[in-house]
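[1] coordinates for the following, if possible.
(2 chains)
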Amino acid sequence: MKLACWNVNSIRARHDRLMAWLERTEPDVLCLQELKVVDESFPREALAELGYHAAVFGQKTYNGVAVLSRTEAKQIVRGFGDDDPQSRFLAARIGQLHVLCAYVPNGQEVGSDKWAYKLAWMSRLRAYLDEYCSADDRLVLCGDFNVARDELDVARPDDWADSVLCHVDARRAFETILDWGLVDVFREHHPEGKLYSWWDYRMLGFPKNNGLRIDYVLATKCLAEKCAAAEIDRDERKGTKPSDHAPVVAEFK
DNA sequence: ATGGCATAATTGTTATGA
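    A predicted model of the protein is given here:
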């Protein structure tokens, strides 16, 4: 079973690349972030032609998440059930798998209102796990967490020290989510680190490999034990009109 | 201290991202 996670930075701008990537990669499940589209404009038909069902939680202009799957998702949950106006979370059951797709807020600037929202949102995500999920289930929580765990996930740690992506409070919030009972499967397969999932469009970020790893596939222990491989498809960051994020792909036995 | 690039909403400029 192949599962992937990708912040596409607009599913309309990425339409052709997404379709080509799906045909080439053939994941069973794909969690998408930053759709930047309302549900009515989501490319359901084009994805159906490739054999994918879609559970969608869209939003105009910003945010938006979806889970694509070969078999239809059941028990779809959009958001945390609070009054959050931003579409950043979707959960569903796909066969025996419990899938959670998250787009954690960036936070903009440490100390800002958006920063407070980011930390509160991460706390809310942990509360969702506590309330509605079992660490004994086959569960994956994946998405763009807008946090680099530690220095192994940052090409130039000094440039990002105390930024919203690397601040100790964001990292602590991330570890609190992991502590619920999740394994960072990419880290398990690449303990040496220094591999990245996001590169700034500006300042030749990708050619210089000035990246950060902020996109994750987290799995419960019983599922992580079955993870045979985890990779970042950095080739997808190359060429014409790429997303600034590369997909993370995990294979489970 | 700021912009650099990309995207969406609009058609000149702003908000946001990471």
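[2] who in the stretch 1-150 of chain A is up against DNA strand B?
    Proximity of the stretch 1-150 of chain A to DNA strand B (C-beta under 7 Å from any atom of the strand) is limited to residues A:7, A:9-10, A:12-14, A:34, A:36-38, A:60-62, A:105-106, A:108, A:114, A:144, A:146. For every residue, glycine as well, the C-beta is placed using N, CA and C.
[3] got a quick ChimeraX command for the buried subset of those?
    Command for ChimeraX that selects the buried part of those, burial taken from 16 or more other C-beta atoms under 10 Å:
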select /A:7,9,14,34,36,37,105,144,146
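[4] in strands, which of the residues of the stretch 1-150 of chain A next to DNA strand B appear?
    Mapping these onto strands (DSSP state E) picks out A:7, A:144.
[5] ok, which stretches of the stretch 1-150 of chain A are helices?
    With helices called from DSSP state H, counting those that start in this stretch, the stretch 1-150 of chain A shows them at A:15-25, A:44-49, A:113-132.
[6] and these as JSON lines, adding mean pLDDT?
    Formatted as JSON lines, these follow (pLDDT from 0 to 100):
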{"stretch": "helix A:15-25", "mean pLDDT": "98"}
{"stretch": "helix A:44-49", "mean pLDDT": "98"}
{"stretch": "helix A:113-132", "mean pLDDT": "97"}
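[7] out of those, nearest to A:W160?
    helix A:113-132 (15.0 Å; C-beta to C-beta).
[8] name the residues of that closest one that are buried.
    Neighbour counts over helix A:113-132 (16+ other C-beta under 10 Å) mark A:115, A:117-119, A:121-122, A:124-126, A:128-129 as buried.
[9] same thing with stretch A:86-99?
    A:87-95, A:97-99.
[10] what is the nearest of those residues to DNA strand B?
    A:R88 (9.8 Å; C-beta to the nearest atom of the strand).
[11] the closest one contacts A:A66, correct?
    No - counting by C-beta atoms under 8 Å, A:R88 sits too far from A:A66 to count as a contact (11.7 Å).
[12] so does the helix or strand of chain A with the lowest mean pLDDT get close to DNA strand B?
    Least confident helix or strand of chain A, by mean pLDDT, DSSP states H and E, is helix A:157-160 with a mean of 95. No - judged by C-beta under 7 Å from any atom of the strand, helix A:157-160 stays clear of DNA strand B, getting no closer than 8.9 Å.
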